[in-house]
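[1] Sequence plus predicted model, see below.
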Amino acid sequence: MSMNRRKFVAALPAALLLSAQAANASPSRLGVIFVAQSTCPYCAAIAPVLKQLQEQAGIDVLVASMDRQPVLPFTTFEDGLRHPLTSHFQSVPQVLIFNSKHQRITHQFGGVRTMRHFVTRLSSALQQSSVL
């Protein structure tokens with residue numbers, strides 16, 4: 001039995017939350033820097049997933065907006081063109097995983113092939129970053 005898109009998308013944050021718990025992630029140790037643009041359809045597709053991850057798993061998400069506009073559902077953002085970790089990006093979306101224990105970016109990936117592929121990459125990056 002296949003899962004329809006709506007049910008799959010609704011289950012994404014729970015899947016990420018479970019993978020973070022399985023890896024014994026400390027939410028205060030991990031953060032996500034979401035390099036995005038308000039007009040990007042791919043950014044708009046993954047932003048709600050990151051927002052739910054923030055709300056349900058307690059992982060900080062910093063939005064670095066490359067067009068200096070909010071990327072909904074996030075209403076706050078940093079200027080991505082001036083941020084030292086994001087100013088060099090030429091394409092969006094980009095996701096960076098920050099491990100505060102080591103004070104460095106541990107994973108980075110860009111683009112969205114499919115939602116399932118994005119979630120798999122994000123989940124794997126969070127798990128790997130949490131055990132460092």
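    Structure's in. What do you need? Residues are numbered from 1 along each chain as shown.

[2] residue contacts, the residue nearest to residue 39 when sequence neighbours are not counted?
    Distances taken as Cβ to Cβ, 6 or more residues apart in numbering put residue 67 closest to residue 39, at 6.6 Å, once the chain neighbours are dropped. Glycine gets a C-beta too; all of them are placed from N, C-alpha and C. Applying Cβ atoms under 8 Å, 6 or more residues apart in numbering to residue 67 gives the contacts 37, 38, 39.

[3] Now the phi/psi pair for residue 67, please.
    As for residue 67, its main-chain torsions (degrees, to the nearest 10) stand at phi -120, psi 10.

[4] do the same with residue 30
    Backbone torsions of residue 30, given as degrees, to the nearest 10, read phi -110, psi 150.

[5] Adding distance to residue 124, write the contacts of residue 67 out as CSV.
    Converted to CSV, the contacts of residue 67 look like this (distance: Cβ to Cβ, whole Å):
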residue, distance to residue 124
37, 25
38, 28
39, 29
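
[6] picking that back up, can you pull the pLDDT of the residue nearest to residue 39?
    pLDDT recorded at residue 67 is 98.

[7] who touches the residue nearest to residue 86 when sequence neighbours are not counted in this structure?
    Closest residue to residue 86 apart from its sequence neighbours, by Cβ to Cβ, 6+ apart: residue 64 at 4.1 Å. The contact partners of residue 64, taken as Cβ under 8 Å, 6+ apart, are 33, 34, 35, 36, 77, 78, 79, 80, 83, 85, 86.

[8] Quick one: residues contacting residue 42.
    Counting by Cβ under 8 Å, 6+ apart, residue 42 has contacts 92, 93, 111, 112.
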